[in-house]
Each structure stands twice: as structure tokens, then as C-alpha cells.
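return atomic coordinates for the entry below.
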Amino acid sequence: MDKLLSVGVVVSFLLSLSALIWLILKTFSFGKPTLKSEAQGEGKKGVNYAFVQGMMPWEKESAKRHLITYFSGFLYHGGIFLAAFYIFTLVLGISLPKWILLGFQIVIPAAAAAGIGLFIKRNVVEYMRSISTPDDYAANLLVDTFLILAFVHTLNPGVRPVLLLVSIIMFLYIPLGKIRHCFFFFYSRILFGIFFGRRGVFPRKQNQKRMEA
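Numbering: from 1, shown residues only. Next up, the predicted model:
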């Protein structure tokens, strides 16, 4: 059974990844827009800005006003990627040094706590509750369960079958629900950076100097 579940994790991950790549390739069917204005900057610089300076809370109006939520989300997503990495070390039979395992035992439960906090906020804050969909709740609970089980496994390997089963469900759910934003985030930030970098809007310093001139 364990071997079957391990294979299931790999297969579900590959299916999920294939579906996500297909969704991105599908966006190319919309065609490439014709840009008639001359470039005022460089797309490469815009991409660099989008992934570095543009990710800072003071560059985002909403994040700047909700720092606790911003850092909770940052911790939450970082913990998810770390837990996913942990799952593949289990499936591939890779033994981790104790100091790395200790890091997992610190970060993953902290990420789970952040996820639970965000779930509570979605239910308590009226305007967030009003715009939330069943997918928002399902995705949050599924990922929180995944994180909790990953942490518990570091202490009790006996939960491995349940952890692998939940991992399979999560990977299959990714391209179907909002969790897919963890993949599309990188694609959208690249497009965002290229477009506004070319327009000279980003990086901001370049844009501000041109406006002052």
C-alpha cells in the first residue's frame, strides 16, 4: 500500500503539473497583442522589479495597510512549498539531516498556524466573507491539513499513509481550484514585469526620473 501511495503522489504531481502547463499554453491561443507605442524601458528590468522590489509590502498598497496578513501569507506559502519538498524526500527515500528536519519542524507548523489564522479572518471579516467562495474555504482547509500532517509526520512516521493520501488529493485539486495560483503567480508576475517594464513604469526609480525630467 505504501508503495502504491508513493507512486500515486508522483503520478498526481505530474498530472497536476501537466494540467497547469496546458492551461498556460492555452493562454497563447488568445494571440499576442500588437504594441504600437515605442518602448520606454526594458521588460527584463520590469521582471526583476516584479520579483524583488515589487514584492515588498511598501510597494503594495493593500499589503502596506495589512502587514500581519502580508507576512502571514508569505509564511503560509513558503511553508507549503517546504512541505511539498518534504513529501518528495519521503517518496524518494531521501534522508534529511537533523538540522534540516528541525527547520521543517519550526517552519511548517508556523505556516499551518498562519493558514488557520487566514481562514479565521476570512470567516470573521465581513467583506472577506462576502466575496469568498466554497473553493476559498476548501483550498485553505485542504492545504492546512496537508501542512499539519507533514509536521506530525516529522514526529510520528505512522501517519505516512494518511499524509500521502492527502498529498495526492491536494495535487489533483491544484489545477481545478484556486491553489493553482501558486503556479500562475510566477507566470503572471513575468507578464506583469515585461509589460510595465517596457512601458517604463517599473522599476519605479527609472519612471520617477523620467517624470522629473
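
what about stretch 40-58, start to end distance?
Terminal residues of stretch 40-58 are spaced 24 Å apart (C-alpha to C-alpha, to the nearest Å).

need the contact partners of stretch 188-206.
With C-beta atoms under 8 Å, 6 or more residues apart in numbering as the test, stretch 188-206 has contacts from 35, 37, 39-51, 53-54, 59, 207, 210. Using the backbone N, CA and C atoms, a C-beta is placed for each residue, glycine as well.

could you pull out the helices for the protein?
2-27, 43-51, 61-65, 67-91, 98-124, 126-131, 134-155, 160-173, 181-198, 204-212 (DSSP state H).

show me where pLDDT drops low in this protein?
Low-confidence segments of the chain, defined by pLDDT under 70: 204-213.

how much space between the residue nearest in space to the middle of the chain and Arg198?
Among the residues of the chain, the one closest to the centroid is Cys182, at 3.0 Å (C-alpha atoms, centre = their mean). From Cys182 over to Arg198 the distance is 26 Å, taken as C-beta to C-beta, to the nearest Å.

one more: Glu42?
Taking C-beta to C-beta, one finds Glu42 at 7 Å from Arg198.

neighbour-wise, which of these two wins?
More crowded of Glu42 and Arg198, by other C-beta atoms under 10 Å: Arg198, with 20 against 16.

next, count neighbours for Tyr187.
With other C-beta under 10 Å as criterion, Tyr187 counts 14.

and Asp136, by the same measure?
Asp136 has 17 nearby residues by other C-beta under 10 Å.

wait, it touches His181, no?
No. Counting by C-beta atoms under 8 Å, Asp136 stays clear of His181, with 11.2 Å between them.

what residues does Trp99 make contact with?
Contacts of Trp99 (C-beta under 8 Å, 6+ apart): none.

any idea how far it is from Gln105?
11 Å.

what of Val162?
18 Å.

one more: Ser62?
Counting by C-beta to C-beta, the gap from Ser62 to Gln105 is 32 Å.

those two - which one has more neighbours?
Gln105 (14 against 9).

quick check: closest non-adjacent residue to that one.
Thr154 (5.1 Å; C-beta to C-beta, 6 or more residues apart in numbering).

what's the local residue count around the one you found?
16.

go on, Pro175?
Count around Pro175 with other C-beta under 10 Å applied: 19.

my guess is it contacts Ile21, does it?
No. Using C-beta under 8 Å, Pro175 makes no contact with Ile21, being 9.6 Å away.

so which bits of stretch 112-127 are buried?
The neighbour-count check on stretch 112-127 (16 or more other C-beta atoms under 10 Å) flags Ala112, Ala113, Ala114, Gly115, Ile116, Leu118, Phe119 as buried.

many thanks, I have nothing further to ask.
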